[in-house]
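J.: Prediction below, plus the sequence it came from.
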Amino acid sequence: MAKSPTVEDVARVAGVSRQTVSNVLNSPEIVREGTRERVRAAIMELGYAPSMAARRLRTQRSATIGIHLDPYAGGISGIVLDRFIHALTDRATPRGLRILVYAANDAEEELRRVRQLREGGEIDRIVLTGTYAGDPRADWLAEHGIPFVAFGRPWGEPGAGVAMGNPERPWVDVDGAAGTRAATAHAVANGSRVAFLGWPRGSGTGDDRERGWREAMGFGADPPASLRWTAVDTVSAARAVVEQELAAGVVDAIVCASDTLAVGAHLAASHGGHPDMLVVGFDNTPVAEALELSSVEQRPERVAEAVLDLLVADADTYDGEWHRLIEPELVVRTREQRT
């Protein structure tokens, strides 16, 4: 039977000391990024897995991260959270961490479930998802001393949209405004009348994505109603709205707050005699790829890496940012590229 790789093997392949490997596993924030990446690459190459049992005995912690699994709702864009959980699990293993997925129908039930898991010693930290204005979960976790990192800003709180230094409220999010700014800048090449199809106002994420479009177009807080369209996040609703808007006026391109809206907009444009109209989505789902629609890629793998970095950071010694915005990437798919 082949011998399992050891810390010494990882150190040799990465060209670092045994202590550096230990630091990457237990306190990655004190190791330079380039060194961390070499060590993690060596871990993946060798298939090294730290001893969970030994770590639990030494630290009296389960080394297990709890994350809520949203109820299945179908749709197109749910794949983003699936990718995030997969990336989180994949990147937690080399750090000697595990992921425990739990279900709950609302915030109250989720907190009860977290209490049970924590008291039973099954988890010792949490990744929050689906943050929203008035979300009670972050306050509860902080009050009960449970380390956590949110995937998503605490919408509605003062300063939620900017980087801050509070280690009791750490979060990682995708810079939605940067994504729609890039999408709009690309769309303007097709003409100056670029519409935005977004969700009803009041959604932190949706409002942030609208802001990127407004900034790229040079609009203030009240953009022209003829270019700011609204639909709930379903293909049928988006198609109905865009068919109505295109019948009332002409636009050169449409930037959307999600791939779901983009699919509806694409169907409406095609049905209305504009099959070549540029429609840009957000989330870069397999559906957008199949329809060859340009879309904004959220990079959930980079989000997962940043979440894990903050989850294991020591509040007493870590001097970096506790809130991070991940820059998304515009994936351009055009007919010119296909021909």
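T.: Sure thing, it's come through. Numbering: from 1, shown residues only.

J.: Below-threshold pLDDT in the stretch 201-339 of the chain: ranges please.
T.: 335-339 (pLDDT under 70).

J.: Which parts of it are strands?
T.: Counting by DSSP state E, counting those that start in this stretch, the stretch 201-339 of the chain has strands at residues 228-230, 253-256, 278-282, 294-297, 323-326, 329-331.

J.: Could you count how many residues lie near residue 105?
T.: For residue 105, the neighbour count with other Cβ atoms under 10 Å is 9. Just so you know, the C-beta spots here come from the backbone N, C-alpha and C atoms, and that holds for glycine as well.

J.: can you pull the contacts of it?
T.: When contacts are counted by Cβ atoms under 8 Å, 6 or more residues apart in numbering, residue 105 touches residue 71.

J.: Under a three-state scheme, what state does it occupy?
T.: Secondary structure, DSSP: H, G, I helix; E, B strand; the rest coil: residue 105 is coil.

J.: follow-up on the earlier one: export the strands of the stretch 201-339 of the chain as TSV, with columns for mean neighbour count.
T.: Shown next, in TSV, are those (neighbours: other Cβ atoms under 10 Å):
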stretch	mean neighbour count
strand 228-230	19
strand 253-256	31
strand 278-282	29
strand 294-297	24
strand 323-326	20
strand 329-331	17
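
J.: who touches the closest residue in space to residue 85 that isn't next to it in sequence in this structure?
T.: Leaving aside its chain neighbours, residue 85 sits nearest to residue 67 (6.4 Å; criterion: Cβ to Cβ, 6 or more residues apart in numbering). Residue 67 makes contact with 85, 88, 99-102, 126-127, 129 under the criterion Cβ under 8 Å, 6+ apart.

J.: Where does the record place the domain boundaries for the chain?
T.: 7-174+299-327, 176-297+331-338 (automatic domain parsing).

J.: for the ones you listed, which one ends up most surrounded?
T.: Of all the domains of the chain, domain 176-297+331-338 carries the top mean neighbour count, a mean of 20, counting by mean count of other Cβ atoms under 10 Å.

J.: Against residue 188, how distant is the residue nearest to residue 85?
T.: 39 Å (Cβ to Cβ, to the nearest Å).

J.: picking up where we left off before, reformat the strands of the stretch 201-339 of the chain into a markdown table and put distance to residue 237 next to each item.
T.: A markdown table is the format used below for those (distance: least, Cβ to Cβ, whole Å):
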| stretch | distance to residue 237 |
| --- | --- |
| strand 228-230 | 9 |
| strand 253-256 | 12 |
| strand 278-282 | 15 |
| strand 294-297 | 19 |
| strand 323-326 | 29 |
| strand 329-331 | 24 |
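
J.: Taking the centroid of the protein, which residue is nearest it?
T.: residue 300 (4.7 Å; Cα atoms, centre = their mean).

J.: So residue 313 is in contact with residue 321, correct?
T.: No - with contact defined as Cβ atoms under 8 Å, residue 313 does not reach residue 321; the gap is 10.3 Å.

J.: quick one, what contacts residue 265?
T.: 197, 238-239, 242, 254, 256, 279.

J.: repeat that for 7 Å
T.: Applying Cβ atoms under 7 Å, 6 or more residues apart in numbering to residue 265 gives the contacts 197, 238, 242, 254, 256, 279.

J.: quick one: contacts for residue 9?
T.: 46, 48.

J.: Show the average pLDDT along the helix or strand that contains it.
T.: Secondary structure from DSSP states H and E places residue 9 in helix 7-14. For helix 7-14, the mean per-residue pLDDT is 89.

J.: And that helix, how far out from the chain middle?
T.: Centroid separation between helix 7-14 and its chain, computed with Cα atoms, centre = their mean, to the nearest Å, is 32 Å.

J.: do the same with stretch 221-228
T.: For stretch 221-228, the distance to the chain centre is 28 Å (Cα atoms, centre = their mean).

J.: Show residues contacting it.
T.: Contacts for stretch 221-228 (Cβ under 7 Å, 6+ apart): 193, 195-196, 214, 217, 249, 251.
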